[in-house]
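In: I need the structure of the sequence given here:
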Amino acid sequence: MNKSITLAKRPEGAPSLADFSFETEAMPSPVKGEVLLETAYVSVDPYMRGRMRDEESYIPPFQVGHPIEGAVVAKVTESKHADFKPGDFVMGRLGWKQYQLSTGEGLLNVDSDVAPLSAYLGVMGMTGLTAFCGLSEIGKPQEGEALVVSGAAGAVGSVVGQIGKIKGCRVVGIAGSDEKVEMLKSDFGFDAGINYKTTDDIGAEIAEACPDGVDVYFDNVAGEVSDGVHRNMNRFGRIVNCGAIAHYNDTSEPTGPRVELLLIQKSLSMQGFIVSNYENKFPAAIQQLSQWLHEGKLEFSETVVEGFENIPQAFLDLFTGKNIGKMVVKV
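Out: Reported below is the predicted structural model:
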């Protein structure tokens with residue numbers, strides 16, 4: 001029998017294990033034009049919380065009673081498709097299932113000789129592309145500028161900071177523990193780090209870390225952390241809105257400082273994005289990320305959880321900051 005993980009109900013506030021259900025079904029068998037895939041690695045990502053709501057967004061919501069889906073690396077175990085053979089590894093948007101069928105649409109072959117398989121869910125996958133495209137296309141960092149990254153110890157943030165250093169920026173990361181702050185500096189080359197959980201005034205901490213102000217802010221969290229960064233932005237600064245994890249579990253409309261006057265006073269630009277906006281940039285971005293990786297200019301960190309049954313808990317752990325770098329589940 002095959003196992004899958006479905007959305008049992010839509011959560012109110014913070015999600016819990018009760019919002020997921022484990023189901024069993026007959027083992028699928030491919031027909032002509034299909035492949036049978038065995039899940040190897042599953043990506044869990046904060047944006048999935050938004051898909052658990054029944055509301056219109058840039059991507060359709062998960063359906064109650066149906067398998068959760070996301071980025072997955074899988075092994076082709078049986079093929080009746082001309083483009084894939086048994087033993088191939090592929091990446092695609094697939095269900096949280098141990099085994100599943102695919103027509104091949106949206107699947108990309110991945111090579112473990114180029115990078116570890118799990119890296120295709122991180123630095124060589126959507127994580128790396130999100131960091132590269134968001135920073136390059138919206139942040140437009142210049143040598144000598146100051147770049148601040150919130151959620152800096154996470155999957156996207158840690159890559160953003162490293163790209164900023166490659167571009168010649170002073171990079172300051174914001175994270176949620178002293179251990180993570182130290183890792184940003186020792187492992188990823190950040191110039192400074194701030195533990196937002198132990199500071200009484202995040203704005204003052206930013207001012208101390210960036211005495212000449214902030215030119216680019218890559219925002220993965222929103223909330224009070226971002227309010228503090230905004231106050232330190234330089235004229236013509238760029239704010240890249242990638243994530244808002246501080247608000248993903250809110251049950252009411254969040255309120256806070258209004259940014260319009262600040263945007264006008266300092267001629268700031270502030271733009272949100274999703275990585276698929278820049279799909280035409282993916283080939284060049286992957287080539288550049290791969291080059292930096294092999295040159296040793298780019299490091300990546302993973303938190304690997306083992307076991308198909310632990311996928312829901314790994315997802316929940318994202319919201320309490322238990323991951324360092326990309327959170328993946330090895331099935």
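In: and V148, what element?
Out: Following DSSP states H and E, one finds V148 within strand 146-150.
In: Does anything pack onto that strand? Which helices or strands?
Out: Contacts of strand 146-150 with other secondary structure elements, assessed using 3 or more CB pairs under 8 Å, 6 or more residues apart in numbering; DSSP states H and E, are made with helix 155-166, strand 170-175, strand 214-219, helix 223-230. Heads up, the C-betas are built off the backbone N, CA and C, glycines and all.
In: can you put the ones you listed in JSON lines and add distance to N323?
Out: Below are the helices and strands packed on strand 146-150 laid out as JSON lines (distance: least, CB to CB, whole Å):
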{"stretch": "helix 155-166", "distance to N323": "8"}
{"stretch": "strand 170-175", "distance to N323": "11"}
{"stretch": "strand 214-219", "distance to N323": "18"}
{"stretch": "helix 223-230", "distance to N323": "17"}
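In: Take those and lay them out in JSON lines including mean pLDDT and distance to V329.
Out: Output for the helices and strands packed on strand 146-150, formatted as JSON lines (pLDDT from 0 to 100; distance: least, CB to CB, whole Å):
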{"stretch": "helix 155-166", "mean pLDDT": "96", "distance to V329": "13"}
{"stretch": "strand 170-175", "mean pLDDT": "98", "distance to V329": "22"}
{"stretch": "strand 214-219", "mean pLDDT": "98", "distance to V329": "26"}
{"stretch": "helix 223-230", "mean pLDDT": "95", "distance to V329": "27"}
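In: Save those as a markdown table, and put in distance to K97 and mean neighbour count too.
Out: Putting the helices and strands packed on strand 146-150 into a markdown table (distance: least, CB to CB, whole Å; neighbours: other CB atoms under 10 Å) gives the following:
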| stretch | distance to K97 | mean neighbour count |
| --- | --- | --- |
| helix 155-166 | 23 | 27 |
| strand 170-175 | 33 | 28 |
| strand 214-219 | 34 | 26 |
| helix 223-230 | 35 | 20 |
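In: so which of the ones you listed comes closest to K140?
Out: Proximity of the helices and strands packed on strand 146-150 to K140 was assessed by CB to CB; the nearest stretch is strand 214-219, lying at 7.5 Å.
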